[in-house]
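K.L.:
Following is a predicted model, sequence given first.
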Amino acid sequence: MSQRETWATRTGFILAAVGSAVGLGNIWRFPFQTSANGGAAFLVVYLAAVLLIGIPVILAEFAIGRRANVDAVKAFRTLDRPSWRFVGAIGILASFWTLSYYSVVGGWVTRYVAGSVTGNALAAPESYFGAVSAGLPAILTHAIFIAVTIGIVAFGIERGIELATKFMVPSIVVLLLVLAGFAATLPGAGEGYAFFLSPDFGVVAENWQSILPAAFGQALFSLSLGFSVMITYASYLGRDDSLFADGLAIAVTNTFVGVLAGLVVLPLLFAQGVPPGEGGAGAVFIAIPTALAELPGGGLLGQLIGVVFFAVVFIAALSSAISLLEAVVAYAVDTFGISRAPAAIGLGLAGFLLGIPSALDTAWLDWFDGIGVTFFLPIAVLAVVVFVGWIMGDEAVAELRRGSNLTSAGTTWLWMLRTFVLLVVLLIVALNFNDLFLT
Ligand code: PFF
Ligand code: NA
């Protein structure tokens, strides 16, 4: 059997994982969640969620992946707990499920890059969105987006994903910095910053029942946890670097990009007098083009900023879609011995077909998103926490200590997983089930 692939460099692994984490979730979901839920006060809750839940769970997925060095289902056989294979299977199913509609939105973004070049996307934002977001045009751009995703995954870990994300992630950061700098020059930007960053602890105190799960759910989804993606990415680690350091670097960069996106989007909307609204699809695809169209320069400045903005969103969405497809492809390759390229093409095509309802009608897209985030994700995360905390136990600690000299941190991490993290994740599962089935 040929040697299994590995990342060529440690930075390559970190950037690929950051590429997975940074996505549509950071650029539209995060700024609006923050501003709607108490501004800087929500930011504090979110940071706590990343630190207390996100980082322990990302390390748990890393420990499984690096220990097993195989896809997220076979991993449990390799770790001598074959009956726990369902944990990896739920995550892979969640990845496949999410890829289907994530690619539909990726297709919209692709269309908006072109629409900013021609100016059509800014001319009549509301009807443009209506025309391109559903039906045949959406199926077409969905096909294009998933074809690009397949193309990169087919080239493999080092020559495909690592090479692509090495350019993509720095581009996202640099371009967002440029856009944030531009947004800062707009008269009235200050109102946007105030809306985004002024803490309102009263809002958090009053609505903690909805804000806590929102912050924790956002933290987990944003870090791509519960999708077997981080298990899969860590399974290609051929070296013993500190997983603590890598996990921390990924979480910090991901949060930084979310904040940076807020510093672009909200000043722009406020400066142009466009109400930020509820967030979501309408915010990115209607409010932003509306604000861009109002910029001085006879529309050309708006088009230019629009091209850059949607290019950033495109790159962010693509590097996340790559990771979703990779988790599924790794399973086909490692478990069934299928070659990578045909696996990427076949599974990508299947994801395309599953995404057709979402491309036909955005109501389907919302339904797919809801099931993925409130059903699959919490269950998979809960299963990972139980497995690593209570089943792997000391073996997971030993894995985490490989390549790091933080000896006591390993034990602290294990007990956090076993107690606090487990309780919080249980609470999130309960709240989501209540929401899904009982109300
Ligand atoms: N983390 C990505 C985002 O915030 O947009 C979405 C995502 C990608 C979730 C990959 C899960 C995943 F496995
Ligand atoms: Na993210």
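P.N.:
Arrived safely, thanks for sending. What you see is a predicted model; the values in this text were computed from it and never measured. Ligands and ions are numbered 1, 2, ... in the order given.

K.L.:
in the stretch 151-300 of the chain, which segments are predicted with low confidence?
P.N.:
Applying pLDDT under 70 to the stretch 151-300 of the chain picks out residues 277-281.

K.L.:
Show me the helices in it, by range?
P.N.:
Counting by DSSP state H, counting those that start in this stretch, the stretch 151-300 of the chain has helices at residues 163-184, 189-197, 201-206, 208-222, 229-235, 243-271, 280-282, 288-293, 300-336.

K.L.:
got the angle between the fourth one and helix 243-271?
P.N.:
Read it as helix 208-222. With axes from the mean of the first three to the mean of the last three CA atoms, to 10 degrees defining the directions, helix 208-222 sits at 120 degrees from helix 243-271.

K.L.:
List, one by one, the residues from the protein near ligand 1.
P.N.:
Residues of the chain lying near ligand 1 by CB under 6 Å from any ligand atom: 20-21, 23-26, 95, 98, 221-222, 224, 227, 229, 320, 323-324. (Each C-beta comes from the backbone N, C-alpha and C, glycine too.)

K.L.:
and of the helices of the stretch 151-300 of the chain, who's closest to ligand 2?
P.N.:
Minimum separation from ligand 2 across those (CB to the ion) falls at helix 208-222, 3.6 Å.

K.L.:
Show me which positions of that closest one end up buried.
P.N.:
For helix 208-222, burial by neighbour count (16 or more other CB atoms under 10 Å) applies to 211-222.

K.L.:
show me the contacts for Gly19.
P.N.:
By CB atoms under 8 Å, 6 or more residues apart in numbering, the contact list for Gly19 reads 165, 168-169, 319-320, 322-323.

K.L.:
Equivalent analysis for Trp7, please.
P.N.:
Trp7 makes contacts with 13, 16, 157-158, 162, 236-238, as judged by CB under 8 Å, 6+ apart.

K.L.:
Determine the three-state secondary structure at it.
P.N.:
Put simply, Trp7 is coil when judged by DSSP: H, G, I helix; E, B strand; the rest coil.

K.L.:
how close does it get to ligand 1?
P.N.:
Going from Trp7 to ligand 1 by CB to the nearest ligand atom, to the nearest Å gives 17 Å.

K.L.:
begin at 544 from here
P.N.:
With 544 as the first residue, the last one maps to Trp550.

K.L.:
What backbone torsions are found at that residue?
P.N.:
The phi and psi values for Trp550, taken as degrees, to the nearest 10, are phi -70, psi 140.

K.L.:
Nearest residue to it in space, please, no chain neighbours.
P.N.:
Leaving aside its sequence neighbours, Trp550 sits nearest to Phe556 (CB to CB, 6 or more residues apart in numbering; 4.2 Å).

K.L.:
Which element, helix or strand, includes the one you found?
P.N.:
Following DSSP states H and E, one finds Phe556 within helix 553-564.

K.L.:
pLDDT averaged over the helix or strand just after that helix - what is it?
P.N.:
Scanning forward in sequence from helix 553-564 by DSSP H and E, the next helix or strand is helix 567. Helix 567 comes out with an average pLDDT of 92.

K.L.:
Pull the distance from stretch 723-741 to the chain's centre.
P.N.:
The chain centroid and the centroid of stretch 723-741 are separated by 25 Å under CA atoms, centre = their mean, to the nearest Å.

K.L.:
Quick one: end-to-end length of it, please.
P.N.:
Length of stretch 723-741, first residue to last, CA to CA, to the nearest Å: 18 Å.

K.L.:
still on that earlier bit, was I right about the residue nearest to Trp550 contacting Tyr779?
P.N.:
Yes - counting by CB atoms under 8 Å, Tyr779 is a contact partner of Phe556 at 7.3 Å.

K.L.:
So those two - more neighbours on which side?
P.N.:
Neighbours around Phe556 and Tyr779, counted as other CB atoms under 10 Å, are more numerous at Phe556. The numbers are 26 against 23.

K.L.:
and that one, what does it touch?
P.N.:
Neighbouring residues of Phe556 by CB under 8 Å, 6+ apart: 550, 705, 776-777, 779-780, 789.

K.L.:
Much appreciated, bye for now.
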